[in-house]
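What follows is a predicted protein model with its sequence.
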Amino acid sequence: MPLVKNGKIATDIYVHVADGAEIPPEGAIFVQAARFLENAETLLQRPDKVGVLWPNNRDLDELVSYLDRLAAVALVFPSFRDGRAYSQARLLRERYRFKGELRATGQVLRDQFVFMLRAGFDALDVKKEKDADAFAATVKRYTVFYQPTGDGRATALSRRTQLRHSESAGP
Amino acid sequence: MYAYDELDRTLINERVEEFRDQVKRRLSGELTEDEFKLLRLQNGVYLQLHAYMFRVAIPYGTLSSKQLRALAHVARRYDRGYGHFTTRQNIQFNWIKLAELPDALADLAEVGIHAMQTSGNNMRNVTSDQWAGVAPGEVEDPRIWSELLRQHTTLHPEFSFLPRKFKIAITASDHDRAAIRIHDIGLRLHKNADGETGFEVLVGGGLGRTPFIGKTIKPFVHGRDILSYVEAILRVYNQYGRRDNIYKARIKILVHELGIEKFGKEVEEEWQQLRDSALTLDDAAIEEVRSRFSYPAYEKLPHMPDELKQAAHDPVFERWRKNSVFPHKVQGYSIVTLSLKPVGGPPGDATAEQMDAIADLADRYSFGEIRVGHEQNLALPHVAKRDLPALWKALDKLELATPNVNLVSDIIACPGLDYCSLANARSIPIAQELTRRFANHDTAGLIGRLHINISGCINACGHHHVGHIGILGVEKNGEEFYQITIGGRADESAALGTLIGPSVPYAEVADVVEDIVEAYLALRDSPDELFIDTVKRLGVEPFRERVYATR
C-alpha cells in the first residue's frame, strides 16, 4: 500500500503497532486510539514521533488536548462509501488547528483524492499502486471549487466577486 | 434563467472528463463493478432491469429552450426517442449505453446541464417551485438561493459520502408547490420583522418505508447564514446518521430517534462554531448570483386582450384555459401548464419531437423558458394572454393540452416494474388504466382537484404517501397487490395518507379508485368541498365501507 505524502510517493517511516504488540522503544509509531488514551503521557515521552489511528465513530473531544504533541493522526475509511472521516479531518484542521500529518487510511482510491486534500489530509495510504502513480494527474483534474474549506483554495464565488471588484476599480 | 459563467462551465467539463476516465477504467476492468457503482451513481447512472438508466438534473426546474433541445437530442441520439420527467425536477433516460454516457454528458455540458449527484448518497438536485419568479405574491425569487445552494452542494468535499441521499427543496410562496415538508431539508423563504430575507428551516421529512413530515428546526435563519446552517445540519448528520442499516440511514430517522429538540441543539452548537466563517454570504456574493439570472422584458399588456375574448366562445379552449392557465405576477401574462398526462399515456413522458416542439413554442411565446414541476408536468412561465389561443392550438396538436391539470388523471407515478429493478409491482399500466377510466373531462372537472400518486415499491418514488389517493405496489406470493391510502397531501398542510384496508390485486385497483371517487361524490357537502377536505372531515371509515362492502 503506497503512501502519498505532500503530493509524492514517500516511504512510510511509521510502524503501525497492532493492539497487544509491544511498542518499539524508538522510531515513529502509529498506535490505536484506545491504547493511546490509556498511556498517552508515557507514549508522548518517547523521543520519536507518535501518531494515533483514530476510528471514524469516536468523538474527537477525547483527542483534542493531545493534538499539539502528536506528530500524526490517521483517520479511517472502512469503506469507500463511509464519509465520516471527511468531517473529522475538517474539524481537526479547521477547528482544532492540528498542524501535524493528517493521514487517510483504509479504502483510499483515486476518485477520493481531491475531496481528501480539500478536507485537509496531507498523507494518503493509497490502496492501489496504479492510483498512487496517477496522483499528480488526478489532483489537477479540478480547477474550480464551490465550497470554502481550510485548504485555502479560492472558491468560485470569491473569484467572481474579486473579478467584479477589479473590473469596477479599473479605468 | 441562470446563465453559467466560465467557472461553472469549467467545472462541469472537468466533471465530464473525470467520468470519462472512470468509465474507461470500468470498461478495461481496472475498476470492479462494486467500485464503479458508487462513481456512476454520483453521475446519475443506475443499472435497471433492462439497461442503464441516466438521470439528468434540472436544477430548480428551470430550462432554456436550448437546454430542452439538448435533452431532445440525448433522447434521440443515445436513447429511444423519449425521456421521463421525475418528481424531483430531473429527467430520466431509460436505455442508455454505458460507453456512450460520457459523450451524452459532454453534449449536455455544452448547454450547462449536468447529472452530478442525481443519485447516490450525496446531496441531490436542489428543487424549487416551478413557478418561481412568476407566481403572484411570492416573497422573492427562490431560485437565487437555490442556485447558491446548488453550487455549495456540488462536489462538496465533506458531504459526498453521506449515510444516505439528501434532498433540499425551497419555496417562497404561501402555497407550497415544492413539497418542502417531505424533504430532508425544506426551506420556506420569508421575511422577518425587519424586512430581512431568511428561511424557516424544516428537517427530517421524507417518504420511503418510514415516512415523516419535516419538522421546524429553526423558524428564521438569515439569508446570509443559510450555507453555514445547512452545513451544520449536514455535519451532524454525516457523523451521527446511521450507517448500519440502509433503511434507517436517512436524516429523518436520526431526527426521529434524537427528537427534534435534541437534534436542533446539536445543530445549534455546530452552527455557533461555523456561522461567522467564509460560509457567510455577503451582499456582493448574493448579488453576483442574482446578476446571472435574467428576466424577460415584459410588455405592458391589457388584462383581457381581444384574442382571449374571442376565443372564449370556444368551449374546448375555455375548458383548457380554466384548467391549465394560471395567474402571472405581471398583468397581461399567464403561466401555462403543459400536461404530460395524456389519456392512456405513461405519466411524465415526453418524446424528442415533443421536447423540440415545446422548445420552439417557448421561444415564440415564453421568452425561451420552460419549467418542470414535481407533478411531472411542464410549464411555460411567461405567456402573453393574447397568445393563449394560438399556443393552445399548437399544444393540442402535440397532445400537450389535455385539460386535466390537478385533476384525477393528472397522476404522479414512478417507472415501476416496467423499468425498475427495485419495484414490486407495475405503476405505469395502473396510471394508464385510471386515465382511461376518467377520460371524460366533464366528469373529471366535476370531481375537482384530486391527486393520485402511485409507487411500485416502498421506496415511494411516486410519493404515494402524500397522494390524496395513494397507491403502493407490494408483492404477495409472487403477485402484484396494491395498498390504497387516502388523505395524504404534499403542500403546506402536508400529511401522510391513511390505509383504507387490505391490499387489492392488480386487476381491481382501478375499480377501487372509482369506488372511492363515487363515495366522495356522494359524501361531499357541496361541489366546492374538495376530496381531500371530505376525507379530513369524515375520516377514512365511510370510504373503507364503500370499498370493502362488496369485496
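Good, I have the coordinates.

Whichever residue of chain B sits closest to chain A: what secondary structure?
Residue nearest to chain A within chain B: B:Phe161 (2.7 Å; CB to the nearest CB). Glycine gets a C-beta too; all of them are placed from N, C-alpha and C. Assigned with DSSP: H, G, I helix; E, B strand; the rest coil, B:Phe161 falls in the coil class.

ok, now B:Arg321?
helix.

any bit of the longest helix seen in chain B sitting next to chain A?
Taking DSSP state H as the criterion, chain B has its longest helix at helix B:6-27. Yes: Helix B:6-27 lies within reach of chain A by CB under 8 Å from any CB of the partner chain, at B:Leu7, B:Asp8, B:Thr10, B:Leu11, B:Glu14, B:Glu17, B:Glu18, B:Gln22.

related to what we said a few turns ago, spit out the contact partners of the residue of chain B closest to chain A.
For B:Phe161, the contacting residues are A:Phe80, A:Arg81, A:Asp82, A:Gly83, A:Tyr86, B:Asn121, B:Asn122, by CB atoms under 8 Å, 6 or more residues apart in numbering or on different chains.

Same check on A:His16?
A:Ile29, A:Phe30, A:Leu53.

isn't the last one right up against A:Ala34?
Okay, so that is A:Leu53. No: judged on CB atoms under 8 Å, A:Leu53 makes no contact with A:Ala34 at a distance of 10.0 Å.

thinking again about what came up before, which secondary structure elements does the longest helix of chain B contact?
Helices and strands touching helix B:6-27, as assessed by 3 or more CB pairs under 8 Å, 6 or more residues apart in numbering or on different chains; DSSP states H and E, comprise helix A:156-169, helix B:33-41, helix B:101-109.

Give me the buried stretch members for it, please.
By neighbour count on 16 or more other CB atoms under 10 Å in any protein chain shown, the buried set for helix B:6-27 is B:7-8, B:11-19, B:21-23, B:25-26.

returning to that earlier point: A:Gln107: which of the contacts of B:Phe161 is nearest?
Proximity of the contacts of B:Phe161 to A:Gln107 (CB to CB) peaks at A:Phe80, which lies at 4.6 Å.

burial count for B:Pro315?
8 (other CB atoms under 10 Å in any protein chain shown).

in what helix or strand does A:Leu124 lie?
For A:Leu124, the enclosing helix or strand under DSSP states H and E is strand A:123-125.

before we move on, what about B:Glu138?
Judged by DSSP H and E, B:Glu138 forms part of no helix or strand.

just to revisit the earlier point, CA atoms of the longest helix of chain B as PDB?
Extracted C-alpha coordinates of helix B:6-27, given in PDB (Å, rounded to 0.1, in the frame of the first residue of the first chain):
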ATOM      1  CA  GLU B   6     -16.700  30.400 -17.300                       C
ATOM      2  CA  LEU B   7     -16.200  28.900 -13.800                       C
ATOM      3  CA  ASP B   8     -19.400  26.900 -13.900                       C
ATOM      4  CA  ARG B   9     -18.600  25.700 -17.400                       C
ATOM      5  CA  THR B  10     -15.100  24.700 -16.500                       C
ATOM      6  CA  LEU B  11     -16.300  22.700 -13.500                       C
ATOM      7  CA  ILE B  12     -18.900  20.600 -15.400                       C
ATOM      8  CA  ASN B  13     -16.400  20.000 -18.200                       C
ATOM      9  CA  GLU B  14     -13.900  18.800 -15.600                       C
ATOM     10  CA  ARG B  15     -16.500  16.500 -14.200                       C
ATOM     11  CA  VAL B  16     -17.300  15.000 -17.600                       C
ATOM     12  CA  GLU B  17     -13.600  14.300 -18.200                       C
ATOM     13  CA  GLU B  18     -13.300  12.600 -14.800                       C
ATOM     14  CA  PHE B  19     -16.300  10.500 -15.500                       C
ATOM     15  CA  ARG B  20     -15.000   9.600 -19.000                       C
ATOM     16  CA  ASP B  21     -11.900   8.300 -17.300                       C
ATOM     17  CA  GLN B  22     -13.900   6.400 -14.700                       C
ATOM     18  CA  VAL B  23     -16.000   4.700 -17.500                       C
ATOM     19  CA  LYS B  24     -12.800   3.900 -19.300                       C
ATOM     20  CA  ARG B  25     -11.300   2.200 -16.200                       C
ATOM     21  CA  ARG B  26     -14.500   0.200 -15.700                       C
ATOM     22  CA  LEU B  27     -14.600  -1.000 -19.300                       C
END
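
roughly how far is that helix from the heart of the chain?
26 Å (CA atoms, centre = their mean, to the nearest Å).

what do you get for stretch B:386-398?
25 Å.

Also stretch A:142-156?
The answer for stretch A:142-156 is 17 Å, by CA atoms, centre = their mean.

Name the surrounding residues that touch it.
Residues from elsewhere that reach stretch A:142-156, judged by CB under 8 Å, 6+ apart: A:90, A:93-94, A:114, A:117-120, A:157-158, A:162, B:7-8, B:10-11, B:14, B:18, B:151-152, B:154-158, B:277-279.

got it, and stretch B:477-487?
B:417, B:424-426, B:430, B:464-465, B:467-475, B:495-501, B:503-506, B:509, B:512-513, B:516, B:532, B:535-536, B:540, B:543, B:547.

can you pick the most crowded of the contacts of B:Phe161?
A:Tyr86 (31 neighbours).

give the contact list for residue 72.
Picking chain A for this. Neighbours of A:Ala72 in contact, by CB under 8 Å, 6+ apart: A:Tyr14, A:Ala28, A:Phe30, A:Lys49, A:Val50, A:Gly51, A:Val52, A:Gly100, A:Glu101, A:Leu102, A:Arg103, A:Ala123.

my bad, the chain I had in mind was chain B
B:Ala352, B:Glu353, B:Met355, B:Asp356, B:Ala359.

Now it: closest residue in space, sequence neighbours ignored.
Excluding the flanking residues, the one nearest B:Ala72 by CB to CB, 6 or more residues apart in numbering or on different chains is B:Met355, at 3.7 Å.

Now do the strands in chain A.
For chain A, applying DSSP state E gives strands covering A:3-5, A:8-10, A:15-16, A:29-32, A:50-54, A:72-77, A:101-106, A:123-125.

helices or strands up against the last one?
I take that to be strand A:123-125. strand A:3-5, strand A:101-106.

Adjacent strands (with direction) for the longest one?
Read it as strand A:101-106. Using DSSP bridges, strand A:101-106 pairs in its sheet with strand A:72-77 (parallel), strand A:123-125 (parallel).
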